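In: Quick one: sequence and predicted model below, then my questions.
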Amino acid sequence: MRDFSPNFKNGNLKTVTPENLKILLWDIDGTLLRSTVQGGYRKYFAATMKKVFGSAGVLEEIIPSGMTDTQIIYEALRAEGFTPERIFAVKDRLLETFKNEMSAVLAEGGEPYEILPGVREILEETDRNPLFVNALLTGNLSVAAEIKLKSVGLWHFFASAPNAFGEVSHERSELAIETGRLFRKAYEFDFDPRQFIVIGDTPNDIAAARAFGARVIAVATGRNQSREKLAEHEPDFLLDDLRDARKFFRLLERL
């Protein structure tokens, strides 16, 4: 594949230091991939919630776009007196049960996934350029993120990264702040928030980036999210999709 990325031409690399890294923080659903069955997630969410909490609450009424997995659970159960603290108190059981129920649904073909256009090309290019780091800033629980990304052959791009997952907090902005902590710990370096670039498909992704001073590229590939709606939240850049890798890398050079 032709090399579109900045600072990497004819095998000549800049000296890589923490100061010149660009850290790409990827959302999953609606950004990297999407389910080919709308609403398929409800099967394993409902089964998990009934086993762990005794009820699926108003799960059928929830519109999950931009929510973390733990926020979906909380919003579905809030009317029954559940608090975020009560949900996180059984985090280990929740993760184990969620993994089992989700794996069972996928094994039956209940929620297949497809990679969105341009994603694999961009990840392959950034993965081989040491000036970039790919990581996840996702509302998915860690077990869900791994299952989804393994199913489409993308997990290896993120397996060893300091990823932020939905079991950290039910609020996506708190996940963004946690990302900064994770990278400081992993690299023993205090990164400038502007080195982080959030890539997501919802207003919540934009808000998460702003919560800790990161840049943001919004992509209008999510369900129930229009380009006009995203533009109202003033991302640094807004793309219809990621199919034009050359254009994407030009934007990265400007951030």
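Out: Arrived safely. Residues are numbered from 1 along each chain as shown.
In: Tell me where the model's unsure across the chain.
Out: Judged by pLDDT under 70, the chain has its weakly predicted residues at 1-14, 110.
In: got the residue ranges for the helices in it?
Out: Using DSSP state H, the helices of the chain run over 41-53, 69-77, 84-88, 91-107, 119-127, 142-151, 172-187, 203-211, 227-231, 245-254.
In: Contacts only, for the spatially closest residue to Asp69 that is not a sequence neighbour.
Out: Excluding its sequence neighbours, the residue lying closest to Asp69 (C-beta to C-beta, 6 or more residues apart in numbering) is Gly166, at 4.2 Å. Yep, even glycine has a C-beta here, placed from its N, CA and C like the rest. Taking C-beta atoms under 8 Å, 6 or more residues apart in numbering, we find Gly166 in contact with 68-71, 138-142, 144, 175.
In: And the furthest pair within the residues you listed?
Out: Gln71 and Ser142 (15.4 Å; C-beta to C-beta).
In: how about JSON lines for the helices of the chain, with distance to Thr221 and mean neighbour count added?
Out: As requested, these are exported to JSON lines (distance: least, C-beta to C-beta, whole Å; neighbours: other C-beta atoms under 10 Å):
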{"stretch": "helix 41-53", "distance to Thr221": "17", "mean neighbour count": "19"}
{"stretch": "helix 69-77", "distance to Thr221": "20", "mean neighbour count": "23"}
{"stretch": "helix 84-88", "distance to Thr221": "29", "mean neighbour count": "14"}
{"stretch": "helix 91-107", "distance to Thr221": "22", "mean neighbour count": "17"}
{"stretch": "helix 119-127", "distance to Thr221": "9", "mean neighbour count": "19"}
{"stretch": "helix 142-151", "distance to Thr221": "15", "mean neighbour count": "20"}
{"stretch": "helix 172-187", "distance to Thr221": "18", "mean neighbour count": "19"}
{"stretch": "helix 203-211", "distance to Thr221": "12", "mean neighbour count": "23"}
{"stretch": "helix 227-231", "distance to Thr221": "10", "mean neighbour count": "14"}
{"stretch": "helix 245-254", "distance to Thr221": "13", "mean neighbour count": "16"}
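In: can I get those in a markdown table with distance to Asp27?
Out: Shown next, in a markdown table, are these (distance: least, C-beta to C-beta, whole Å):
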| stretch | distance to Asp27 |
| --- | --- |
| helix 41-53 | 15 |
| helix 69-77 | 13 |
| helix 84-88 | 21 |
| helix 91-107 | 18 |
| helix 119-127 | 11 |
| helix 142-151 | 10 |
| helix 172-187 | 9 |
| helix 203-211 | 5 |
| helix 227-231 | 12 |
| helix 245-254 | 15 |
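In: Nearest to Glu61, out of the ones you listed?
Out: If we rank these by C-beta to C-beta, the stretch that ends up nearest is helix 69-77, at 7.9 Å.
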